[in-house]
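> no sequence on this one, just coordinates:
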């Protein structure tokens with residue numbers, strides 16, 4: 001039957017129409033709003049602030065290099081050390097040369113207001129502004145750098161910032177001389193004014209070390225913000241644009257200078273281009289809502305309603321109702337799906353019995369195969385044990401052969417694949433008694449009785465004894481010291497757990513990890529031992545049951561066997 005109207009064509013046409021409108025509006029809004037707002041505020045403003053601080057750091061570094069270089073000045077060292085043996089001419093000439101050098105340093109950088117050399121032994125100060133004068137001891141002591149101070153080491157004296165360095169005397173005496181550079185705060189202010197490109201904007205430089213605040217103008221209207229930052233730096237997100245009332249704030253910090261540069265920009269000055277954005281935003285939102293509503297209503301009638309009918313029919317089939325049938329009357333792709341569904345249900349109804357019976361037979365065949373792999377291993381060990389006991393004429397040979405007979409009488413029964421839990425536990429106990437006779441001096445077995453309320457539940461044969469046998473193989477036979485094996489039970493709701501643990505010392509983390517991986521892999525190639533039991537239990541009870549391994553509190557292996565309290569038929 002030809003499809004009269006294609007859902008795909010109609011849906012794609014509607015979707016493409018909506019996408020074209022959304023994309024056109026989105027591109028326009030993106031290119032216009034983000035370019036004007038992000039580029040103007042974040043890129044330009046933040047980059048300028050960062051660039052200024054980096055440049056200021058570089059200038060301070062250059063000044064400090066000049067300052068350190070003066071420490072090696074020949075004339076300065078002569079005046080500090082040889083002053084008393086110099087004649088008047090030498091003194092005047094050295095002071096003149098030193099003053100000339102200080103003036104050269106002052107003129108080399110706009111941030112330098114004055115350069116002074118404080119010479120302690122002769123109690124004189126030579127500065128680039130005042131030439132030679134008496135040493136101001138209070139200033140000399142105030143400008144000594146505190147111990148442990150890092151970074152640019154800026155100090156404040158009489159409201160101005162200073163850089164100082166000195167040459168120490170012998171044996172903890174006062175410094176021979178100090179080179180002090182006074183910075184020109186007016187140059188800082190002029191540099192900050194360059195950022196005030198918008199009306200009513202302001203820039204502020206805060207020195208956290210000394211508490212000095214430098215403003216780009218005399219209006220201190222943002223003092224509350226700066227002081228709040230000084231009290232608690234965590235209130236601000238450094239490097240981001242912060243909204244504060246009618247103002248945008250950009251704050252950048254120099255760790256080297258321990259200074260923060262604030263820029264305060266009025267929102268009205270920056271967001272003028274975005275006013276039209278909000279109008280288009282409402283238009284965009286309205287158009288999208290209308291399109292979404294239309295697409296939803298159209299799609300519901302075209303797809304959702306017939307899909308619900310089909311899903312409802314699938315759920316009926318999942319519950320086992322194979323008499324359900326879907327009507328074919330939509331004249332579109334659902335006609336094909338509904339016809340296929342009806343045909344599938346009819347075929348499944350015919351084949352379900354065959355598939356189910358085949359699966360049951362397949363599971364039983366695998367159970368028989370796995371069970372047959374367990375018996376020979378113990379048979380070989382038993383004959384070797386009997387041979388050893390006969391050779392040493394062990395008096396326990398007769399009771400041992402009796403227990404062994406009971407053991408093989410149990411495993412050779414073929415009456416049923418399932419037995420009571422009590423019979424399975426008693427068989428495991430018989431095996432444990434056999435091994436206890438073999439190792440009476442170094443083996444201790446703590447074996448709980450089978451829980452009375454679970455004695456009669458039906459379980460697969462040979463699921464507990466092989467686990468105990470594994471403990472003997474790896475804990476008892478390879479151990480030179482005493483060995484303890486515990487067998488106990490735990491019940492939770494409708495689940496019964498049987499625990500077998502030992503204190504063997506041979507279990508490494510690698511071996512334990514290998515065992516865990518075997519149980520986790522759905523199609524492990526391992527076909528003996530614990531993995532056999534795990535696969536058998538999962539075939540019978542489901543994926544949530546089986547074996548789990550862990551390290552025992554005793555130090556050896558702990559195996560947890562979990563089954564359903566009632567056998568699933």
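Nice, thanks for sending it over. From a predicted model like this one, the values you see are computed outputs, not experimental measurements.

> lowest average confidence, helix or strand, in this protein?
Ranked by mean pLDDT, DSSP states H and E, the weakest helix or strand in the chain is helix 333-372, scoring a mean of 68.

> Around residue 202, count how many other residues there are.
As a burial measure, residue 202 scores 22 neighbours (other C-beta atoms under 10 Å). The C-beta positions use only the backbone N, C-alpha and C, and glycine is treated the same way.

> now residue 144
13.

> can you confirm it is in a helix?
No - counting by DSSP: H, G, I helix; E, B strand; the rest coil, residue 144 is located in no helix; its state is coil.

> List the contacts of it.
Taking C-beta atoms under 8 Å, 6 or more residues apart in numbering, we find residue 144 in contact with 164, 166, 175, 178.

> what separates the residue nearest the centre of the chain from residue 440, distance-wise?
Nearest residue to the geometric centre of the chain (C-alpha atoms, centre = their mean): residue 237, 23.2 Å. Residue 237 sits 76 Å away from residue 440, going by C-beta to C-beta, to the nearest Å.

> do the same with residue 513
The gap separating residue 513 from residue 440 is 34 Å, by C-beta to C-beta.

> Same check on residue 547?
30 Å.

> And the lengthiest strand in the chain, how far out from the chain middle?
In the chain, with assignment by DSSP state E, the single longest strand is strand 483-492. Distance, stretch centre to chain centre, for strand 483-492: 39 Å (C-alpha atoms, centre = their mean, to the nearest Å).

> domain ranges for this structure?
Domain ranges of the chain: 71-183, 184-270, 373-564, per automatic domain parsing.

> Would you convert those domains into CSV that also reports mean pLDDT?
Putting those into CSV (pLDDT from 0 to 100) gives the following:
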stretch, mean pLDDT
domain 71-183, 86
domain 184-270, 80
domain 373-564, 83
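
> Could you give the bridge partners of residue 180?
residue 116, residue 164 (DSSP bridges).

> and which of the contacts of residue 144 is nearest residue 288?
The shortest approach to residue 288 among those belongs to residue 164, at 65.1 Å (C-beta to C-beta).

> Return the residues in contact with that closest one.
Contact analysis of residue 164 by C-beta under 8 Å, 6+ apart lists 143-145, 153, 155, 178-181.

> Could you check how far residue 476 is from residue 512?
From residue 476 to residue 512 the distance is 18 Å (C-beta to C-beta).

> any idea how far residue 390 is from the closest residue to residue 483 other than its chain neighbours?
Nearest non-adjacent residue to residue 483, counting by C-beta to C-beta, 6 or more residues apart in numbering: residue 476, 4.9 Å away. The spacing between residue 476 and residue 390, counted by C-beta to C-beta, is 21 Å.

> Quick check: residue 468 touching residue 428?
Yes - in terms of C-beta atoms under 8 Å, residue 468 counts as a neighbour of residue 428; the distance is 5.7 Å.

> so what sits against both of these two?
Counting by C-beta under 8 Å, 6+ apart, the residues touching both residue 468 and residue 428 are residue 487.

> Now residue 60: closest residue in space, sequence neighbours ignored.
Spatial nearest neighbour of residue 60, excluding adjacent residues (C-beta to C-beta, 6+ apart): residue 152 at 5.0 Å.

> Helix, strand, or coil at that neighbour?
Recorded secondary structure, residue 152: coil (three-state DSSP).

> The residue nearest to residue 463 when sequence neighbours are not counted and residue 548, how far apart?
Closest residue in space to residue 463, ignoring its immediate chain neighbours: residue 533 at 5.3 Å, by C-beta to C-beta, 6+ apart. Per C-beta to C-beta, residue 533 is found 12 Å from residue 548.

> more neighbours, these two?
residue 533 (24 against 16).

> Tell me the helices and strands packed up against the helix or strand hosting that one.
For residue 533, the element it lies in under DSSP states H and E is helix 530-541. For helix 530-541, the elements it packs on are helix 333-372, strand 458-460, helix 465-471, helix 509-520, strand 546-551, strand 557-564, judged by 3 or more C-beta pairs under 8 Å, 6 or more residues apart in numbering; DSSP states H and E.

> out of those, nearest to residue 499?
The minimum distance between residue 499 and those falls on strand 557-564, with 5.6 Å, by C-beta to C-beta.

> Quick check: residue 257 is in a strand.
No - counting by three-state DSSP, residue 257 is located in no strand; its state is coil.

> Tell me which residues touch it, please.
Applying C-beta under 8 Å, 6+ apart to residue 257 gives the contacts 53, 56-57, 60, 151-152, 154, 207.

> which of those tops the neighbour count?
Most surrounded of the contacts of residue 257: other C-beta under 10 Å gives residue 60, at 24 neighbours.

> my read: that residue touches residue 162, true?
No - here residue 60 does not reach residue 162: they are 11.8 Å apart, not a contact under C-beta under 8 Å.

> hey, what's in contact with both of these two?
Residues touching both residue 60 and residue 162 (C-beta under 8 Å, 6+ apart) are residue 154.

> which residues are contacting the helix or strand encompassing residue 298?
Per DSSP H and E: residue 298 is located in helix 275-299. The set of residues external to helix 275-299 that reach it, using C-beta under 8 Å, 6+ apart, is 11, 14-15, 18, 21-22, 25-26, 28-29, 32-33.

> Just checking, which helix or strand succeeds that helix along the chain?
Next element after helix 275-299 (DSSP H and E): helix 305-318.

> How about residues contacting that following helix?
Residues contacting helix 305-318 (C-beta under 8 Å, 6+ apart): 324-327, 330, 334, 337-338, 341, 345, 348.

> who wins for neighbours among these?
In terms of neighbours by other C-beta under 10 Å, those top out with residue 334 at 22 neighbours.

> what's the nearest residue to residue 385 if we skip its chain neighbours?
Spatially, and ignoring its direct neighbours in sequence, residue 385 is nearest to residue 438 (6.2 Å; C-beta to C-beta, 6+ apart).

> Hmm, that neighbour is touching residue 382, no?
No - when contacts are counted by C-beta under 8 Å, residue 438 is not listed as touching residue 382 (10.4 Å).

> just the strands in the stretch 101-250 of the chain please.
112-119, 124-127, 131-134, 155-157, 160-167, 177-183, 202-207, 212-215, 241-244, 247-254 (DSSP state E, counting those that start in this stretch).

> right, and the domains of the chain - which one's nearest residue 45?
Using C-beta to C-beta, those put domain 184-270 closest to residue 45, at 5.2 Å.

> Run the chain-centre distance for that closest one.
That offset, for domain 184-270, works out to 36 Å (C-alpha atoms, centre = their mean).

> my read is residue 389 is in a helix, agree?
Yes - read with three-state DSSP, residue 389 is one of the residues of a helix.
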